[in-house]
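Chemist: I need the structure of the sequence given here:
(one chain, ligands or ions: 1)
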Amino acid sequence: MADSSPTPRILMIDPSLVFRPEEAIKKSGWHFRNFPEDSDDPQLKKVKETYVKMHTYQTLDYVKKKHEHWRKFDKFEATILEALQKLNALVDESDPDVSVPNIVHAFQTAERIRAAPDKDWLQLTGLIHDLGKVMAFYGEPQFSTVGDTFVVGCEVGKSVVYRDTTFHDNPDMKDPKLKDLTNLSFWTKIDGDRTRE
Ligand SMILES: [Fe+2]
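Modeler: Numbers count the residues shown, from 1 in each chain. The predicted structure is shown next:
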């Protein structure tokens, strides 16, 4: 005989409605995107190490080789959800503020964007904005997968983190033709019709 009793109501609690981390952060005096040169904090040390590697090894030549390697699209196949789930095992070594698996960051970003409910495309963008980090599971080191990147083949932009202390061993910095910001013909040559404004 079919059970005619009503389906019991399930109480759903969204803890984010009770605990607002931004309030606790405000009280603690924490500043986001703080990149100290010297810190005893293990997470911040790792952040700097990752940027030192990025700024040492990421050259124009390196980037061109990586384009060739990854643009074959022959490394793996995955749905968007499967790729997101891979990020369960990735903690971004370049982020001074986040030490949770990247899938948490992906959903947090998408959820936060719900504040603009008319922009569903933006929610999707928030969800997938870091998906490229799955490259870390296919042999790519974190220094060329995560973090704030920079334009290669020209002078390093002033807004690049650790700009003044981490580029000294990058071979491109010793090549005058790659450092010259005014050398627009260089970009035209390697990148078709793209020029820098
Ligand atoms: Fe992100």
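Chemist: can I have the lengthiest helix in the chain written out in PDB, keeping just the CAs?
Modeler: For the chain, the helix that runs over the most residues, judged by DSSP state H, is helix 42-57. Output of helix 42-57 as PDB, limited to C-alpha atoms (Å, rounded to 0.1, in the frame of the first residue of the first chain):
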ATOM      1  CA  PRO A  42      54.700  29.300   5.500                       C
ATOM      2  CA  GLN A  43      51.900  30.100   3.100                       C
ATOM      3  CA  LEU A  44      53.300  33.500   2.200                       C
ATOM      4  CA  LYS A  45      56.800  32.000   1.800                       C
ATOM      5  CA  LYS A  46      55.400  29.500  -0.700                       C
ATOM      6  CA  VAL A  47      53.600  32.400  -2.500                       C
ATOM      7  CA  LYS A  48      56.900  34.200  -3.000                       C
ATOM      8  CA  GLU A  49      58.700  31.000  -4.000                       C
ATOM      9  CA  THR A  50      56.100  30.400  -6.700                       C
ATOM     10  CA  TYR A  51      56.500  33.900  -8.100                       C
ATOM     11  CA  VAL A  52      60.300  33.700  -8.000                       C
ATOM     12  CA  LYS A  53      60.100  30.500 -10.200                       C
ATOM     13  CA  MET A  54      57.500  32.100 -12.500                       C
ATOM     14  CA  HIS A  55      59.500  35.300 -13.000                       C
ATOM     15  CA  THR A  56      62.700  33.300 -13.500                       C
ATOM     16  CA  TYR A  57      61.600  30.600 -15.900                       C
END
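Chemist: List the buried residues for the helix or strand just after it?
Modeler: Sequence-wise, the next helix or strand downstream of helix 42-57 (DSSP states H and E) is helix 60-70. Neighbour-count burial for helix 60-70 flags L60 (criterion: 16 or more other Cβ atoms under 10 Å). (C-beta placed from N, C-alpha, C; glycine too.)
Chemist: can I assume T145 is in contact with A136?
Modeler: Yes: in this structure, T145 is within contact of A136 by Cβ atoms under 8 Å, at 4.8 Å.
Chemist: Between those two, which has more neighbouring residues?
Modeler: The neighbour comparison of T145 against A136 (other Cβ atoms under 10 Å) goes to T145, with 23 against 20.
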